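S.K.: when you get a sec, could you give me coordinates for this:
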Amino acid sequence: MDERRKYIRFPVMLQARYAESGGGWKECSVIDISREGMGISIYSREEIATGSRLQMEINLPARNDPVAMEGVLMWIRKLKDDPPFNYLGGVRISSITPEEKWVLLDYAYEGWQQREGR
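M.R.: The predicted structure follows:
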């Protein structure tokens, strides 16, 4: 785990979408979640600038409405030896309701417990 992280990240694979301010929605995947942030995978021809403010909607299984939140892109890097235009990034959560945060973290934690056999 990266030494700068304060909280454990729980691996997930969730479909989501994001929009930069003034832009349209683009697809992405959430690959891990923690109390303060998440890892995302993006397939795009254009790299998003570090520091970009993102609106996000994350789809959870067995839930009709996506979890809505806002975040800041803290880092992004292009993947090597992968399709061209594939990026990984880290988003720090800047705005989410306490209820939605609970739903997101509960989903991630429950999945982790099942995978770990706890």
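S.K.: strands of the chain, start to end?
M.R.: 10-20, 26-33, 37-43, 53-58, 67-78, 86-95 (DSSP state E).
S.K.: OK, contacts around the residue lying closest to Leu54 once chain neighbours are set aside?
M.R.: Of all residues beyond its chain neighbours, the one nearest Leu54 is Tyr18 (4.6 Å), with distances taken as Cβ to Cβ, 6 or more residues apart in numbering. The C-beta positions use only the backbone N, C-alpha and C, and glycine is treated the same way. Shown in contact with Tyr18 (Cβ atoms under 8 Å, 6 or more residues apart in numbering): Trp25, Lys26, Cys28, Ile40, Ile42, Leu54, Gln55, Met56, Glu57.
S.K.: please pick the buried ones from the residues you listed.
M.R.: Among the contacts of Tyr18, those that count as buried by neighbour count (16 or more other Cβ atoms under 10 Å) are Lys26, Cys28, Ile40, Ile42, Leu54, Gln55, Met56.
S.K.: would you confirm that the last one contacts Gly89?
M.R.: No: here Met56 does not reach Gly89: they are 11.5 Å apart, not a contact under Cβ atoms under 8 Å.
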